[in-house]
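Colleague: Any chance you can model this:
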Amino acid sequence: MDYLVEEVLGRQKASVQQFLVRTSILDRLCAPLCNAVTGSENGQEMLDHLQSANLFVVPLDESRTVVQIPPPVFRLVARSPAEDAG
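Modeller: Numbers count the residues shown, from 1 in each chain. Predicted coordinates:
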């Protein structure tokens, strides 16, 4: 997991890291739900970025509006910075 945190998550912008941490509690991600959880309005932009960067996002529908980050490894990794900070 250290490799995943350092080499993948650690190379992302702070805004992407925060998005992943805040949405890591969700089983499925869509823009409106991400907006509600993060308190911002850039959920679709972030989901598009994650998909284009091939960051563990699996589309769950043909239009790619609902995605999933495969459990449990990435959610555990995404939660670790929040736990360290808290």
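
Colleague: Which residue, neighbours along the chain excluded, lies closest to S15?
Modeller: M46 (7.8 Å; CB to CB, 6 or more residues apart in numbering). The C-beta positions use only the backbone N, C-alpha and C, and glycine is treated the same way.

Colleague: Can you tell me how far that neighbour is from V58?
Modeller: 16 Å (CB to CB, to the nearest Å).

Colleague: Settle it for me: which of these two has more neighbours?
Modeller: For M46 and V58, the more surrounded residue by other CB atoms under 10 Å is M46, and the numbers stand at 21 against 11.

Colleague: Which strand or helix spans that one?
Modeller: For M46, the element it lies in under DSSP states H and E is helix 43-52.

Colleague: Which residues does the following helix or strand past that helix contact?
Modeller: Proceeding N to C from helix 43-52, the next assigned helix or strand is strand 58-59, under DSSP H and E. Residues external to strand 58-59 that are found in contact with it (CB atoms under 8 Å, 6 or more residues apart in numbering): Q51, V66, V67, Q68, I69, P70.

Colleague: Check whether the residue nearest to S15 really touches L33, as I assumed.
Modeller: No - counting by CB atoms under 8 Å, M46 stays clear of L33, with 11.9 Å between them.
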